[in-house]
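# Mind looking at a prediction? Sequence and model below.
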Amino acid sequence: MLKACMLEEQDRVRYLKKSSIRRKLIWIIVITSGGALLLATTALAIYELGVFRSDIAEDLASAGDMLARSAQVALELNDPRAARQILNMVSSDKRISKASIYRADGSLLASFERNPHGSNEPAGSLRVISSLLGNALIKRIPVTARGKTIGEIYLEGDLTNLLIRIRSYLVIIGGVALISHLLVILASSRLQRVISEPIIKLANVASEVTNRKDYSLRASRMTDDEIGDLVLAFNQMLAEIQSRDEALRESEERYRTLVEHQQEGLGVVDLSECFVFANPAAHEIFGVPQGELVGKCLSEFLDENGFELVKAQTRLRSTVKRTTYDLEITRPDGERRVILITASPRFDKEGNFTGTFGVFRDITVWKHAEERLKRSLEEKEVLLREIHHRVKNNLQIISSLLYLQSRSIADGKAVEIFKESQNRIRSMALIHETLYRSDDLAHIDLSEYIHNLIKFLITSYNVSSGGITFKVDIADVSLSMDTAVPCGLIINELVSNSLKHAFNTGKGRLWVKLHRVDDNQFEIVVKDDGIGLPSELDIDTSPTLGLRLVKTLVKQIDGRLEATSCCGTEFRILFSDKAARRWVPCKL
């Protein structure tokens, strides 16, 4: 039973939820006014009952007092006839339905009843009223004589008049209620429009905005109350949405124009490496008609190795923000192209990896040009190596010719000059030999070059193993050829000068150092512990060819020469390396 009531109540609530606001307002007004009318009617009925109770109680009390005074003699004489005559005095009073005179022992002396053939119980319509009036309908008045109770008067009130009055009231109240409800319904049907019509129009505008996606629509403000404020707030919200929608459309239009006119291909692929978006340039690069690239997968354009590379890059996407690599694709027409891909990961709101955003650039022309340039560079490198090899061979031939020529000269000084020239040529030939063997044709590894140069000078001047000791300290330095050739000649001249003039006894030590001072500053140090420079020698005005050549070469590399003679001779040359250096001719 309880469950059935709950289901019925739920049905009522569901019906109210589905009802229109107009019907809800009518129901509220009707129920409220009906409730108020019912309360007013109930209050009037209670008031009437109270008044009737008071009146009938007073009437019964007055009639009872009169009967008690008149019934003294009949009770003393025990005369039923006289008692009935006394009761006839109130028979005409329709407010009394029953009157009785009882003796002192409780026996009935005389009785009067307006409806002797009817039931003593009140009618159903009067039973409720009787229970509400309670003792007010019955009066018991004792009859006394000489201070002694000789009997009792019993009276019952008649409800017929009250019932007639109540029925009249009900008819009047029913008519008033019916007319009131009709008036309330008519008034509420008009009054609810003031409330429901703005809300209904607001709902219609909201529905139209939703269906048409037109945020320029506005609802009319029909009242100045809270509903009017609601309409005003709704219009303000629409204005804000319209402003944002226009800004969003402008932004979308800008980005759409940018994407569509972008020369580089732009695309988005999902986790299966299939396109979910592609701009016109991407269609052009992949050789697919406009609009047909979406849904195609990269595997359709790649061989097995290329697709494995793409999947390997995708596996890195969740941890690496951006990767760049190139792929060779095969277009549907069979043409092969090389594209450069810059790939970035895409994530959803929960941070899950959902795919890849890619920028595609067709570098086929660049790749072909790069290959041609690489082949050209390889050819030029082979040619340059051949040139260095031939220059080295030519310099060696010149050195050999000088040697052969010196063997036919008897003058020792002339032979020495030929030998020095031969050594200078040999130092330049070593440069070309080092470049020929090097992987870098633009720079020379000075460590290898200087070690080979010193070995040649030791052999050339017949330095014994137990005589002069060499201390060579060369940093890992590579110089351009424009700087390396003068440096080699400088070291050749200074070492040769020490080997010829510094050691009278044939024994001593000779240091050759080259190290980096800063990023582009270097220092060459050639030092011996021999007899030192002559006191009268001024290196700035020295007439010897070797020192004049050293000064010219130092000037050529924009260097600074310092010479000291204390416990031997020490030359320090500070210079910088420049890739392109102006040639300074030797002025001997």
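Alright, I've got the coordinates.
# a helix runs through Ile285, doesn't it?
Yes. Membership of Ile285 in a helix is supported by DSSP: H, G, I helix; E, B strand; the rest coil.
# Nearest residue to it in space, please, no chain neighbours.
Once flanking residues are discounted, Ile285 sits nearest to Gly265: 4.5 Å by Cβ to Cβ, 6 or more residues apart in numbering. No exception for glycine: its C-beta is placed from N, CA and C like everyone else's.
# all helices of the stretch 451-588 of the chain, in order?
For the stretch 451-588 of the chain, the helices defined by DSSP state H, counting those that start in this stretch cover 481-501, 545-556.
# okay, now Ser299: neighbour count?
For Ser299, the tally of surrounding residues (other Cβ atoms under 10 Å) stands at 15.
# Which strand or helix spans the residue nearest to it when sequence neighbours are not counted?
Counting by Cβ to Cβ, 6+ apart, Ser299 lies nearest to Phe307, which is 4.9 Å off, once chain neighbours are set aside. Taking DSSP states H and E as the criterion, Phe307 maps to helix 304-315.
# Check which helices and strands that helix sits against.
When contacts are defined as 3 or more Cβ pairs under 8 Å, 6 or more residues apart in numbering; DSSP states H and E, helix 304-315 packs onto strand 323-330.
# Point me to the residue sitting farthest from the middle of the chain.
The centre of the chain is farthest from one residue, Leu77, which by Cα atoms, centre = their mean lies 114.6 Å away.
# ok, now how distant is that residue from Ala104?
Remark: distance between Leu77 and Ala104 (Cβ to Cβ, to the nearest Å) = 14 Å.
# hey, where'd the helices end up in this structure?
2-18, 21-77, 80-87, 124-133, 160-212, 226-261, 280-286, 304-315, 364-407, 412-437, 446-460, 481-501, 545-556 (DSSP state H).
# The first one - what's its average pLDDT?
What it means is helix 2-18. Mean pLDDT, computed over helix 2-18, is 61.
# what's the weakest-modelled helix or strand in the chain?
Least confident helix or strand, the chain: helix 124-133 with a mean of 52, by mean pLDDT, DSSP states H and E.
# Leaving out chain neighbours, which residue sits closest to Asp158?
Ser97 is the one closest to Asp158 (Cβ to Cβ, 6+ apart), at 3.9 Å.
# So that neighbour versus Arg372, what's the distance?
Distance of Ser97 to Arg372, given as Cβ to Cβ: 135 Å.
# With Glu253 instead?
In terms of Cβ to Cβ, Glu253 sits 43 Å off from Arg372.
# related to what we said a few turns ago, which residue or residues pair with the residue nearest to Ile285 through a beta bridge?
Assessed by DSSP bridges, Gly265 has beta-bridge partners Phe360.
# can I assume it is in contact with Ala281?
Yes. Between Gly265 and Ala281 there is a contact under Cβ atoms under 8 Å: 4.5 Å.
# okay, and the common contacts of these two?
Common contacts of Gly265 and Ala281, defined by Cβ atoms under 8 Å, 6 or more residues apart in numbering, comprise Phe360.
# list the contacts for the residue nearest to Ser406 when sequence neighbours are not counted?
Closest residue in space to Ser406, ignoring its immediate chain neighbours: Phe418 at 3.8 Å, by Cβ to Cβ, 6+ apart. Going by Cβ under 8 Å, 6+ apart, Phe418 touches 402-403, 405-406, 409.
# Adding distance to Ile450, neighbour count and pLDDT, write those residues out as CSV.
Output for those, formatted as CSV (distance: Cβ to Cβ, whole Å; neighbours: other Cβ atoms under 10 Å; pLDDT from 0 to 100):
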residue, distance to Ile450, neighbour count, pLDDT
Leu402, 23, 19, 70
Tyr403, 23, 12, 68
Gln405, 28, 13, 72
Ser406, 26, 17, 73
Ile409, 31, 12, 79
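# Make JSON lines out of these and add distance to Pro289.
Output for the contacts of Phe418, formatted as JSON lines (distance: Cβ to Cβ, whole Å):
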{"residue": "Leu402", "distance to Pro289": "77"}
{"residue": "Tyr403", "distance to Pro289": "78"}
{"residue": "Gln405", "distance to Pro289": "81"}
{"residue": "Ser406", "distance to Pro289": "83"}
{"residue": "Ile409", "distance to Pro289": "87"}
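# And the residues you listed, which is closest to Trp27?
Trp27 lies nearest to Leu402 out of those, by Cβ to Cβ, at 128.4 Å.
# Around the closest residue to that closest one other than its chain neighbours, how many other residues sit close by?
The shortest distance from Leu402 to any non-neighbouring residue, by Cβ to Cβ, 6+ apart, is to Gln422 (4.6 Å). Residues near Gln422, counting by other Cβ under 10 Å, number 19.
# Gln422 and Lys500: what is the separation?
14 Å.
# how many neighbours does Ser111 have?
Ser111 has 16 neighbours, counted by other Cβ under 10 Å.
# show me the contacts for Ile164.
When contacts are counted by Cβ under 8 Å, 6+ apart, Ile164 touches no other residue.
# From Asp158, how far out is it?
As judged by Cβ to Cβ, Ile164 and Asp158 stand 11 Å apart.
# my read: Glu562 touches Phe571, true?
Yes. With contact defined as Cβ under 8 Å, Glu562 counts as touching Phe571 (7.3 Å).
# Look at these two and report which has more neighbours.
Taking neighbours as other Cβ under 10 Å, Glu562 and Phe571 compare with Phe571 leading, 24 against 12.
# now that one: how far from Ile166?
Computed as Cβ to Cβ, the Phe571 to Ile166 distance reads 144 Å.
# Glu335 too?
Between Glu335 and Ile166 the distance is 107 Å, computed by Cβ to Cβ.
# So which of the two has more stuff around it?
Comparing Glu335 with Ile166 by other Cβ under 10 Å, the one with more neighbours is Ile166, at 19 against 10.
# pLDDT at the more buried one, what is it?
For Ile166, the predicted pLDDT is 73.
# Leu44 is in contact with that one, correct?
No. Taking Cβ under 8 Å as the definition, Ile166 is not a contact partner of Leu44, at 10.5 Å.
# Mark out where each domain of this protein begins and ends.
If you go by automatic domain parsing, the domain ranges for the chain are 20-115+122-179, 213-261, 262-362, 444-588.
# Out of these, flag the one nearest Leu186.
With Cβ to Cβ as the criterion, Leu186 lies closest to domain 20-115+122-179 of those, at 10.5 Å.
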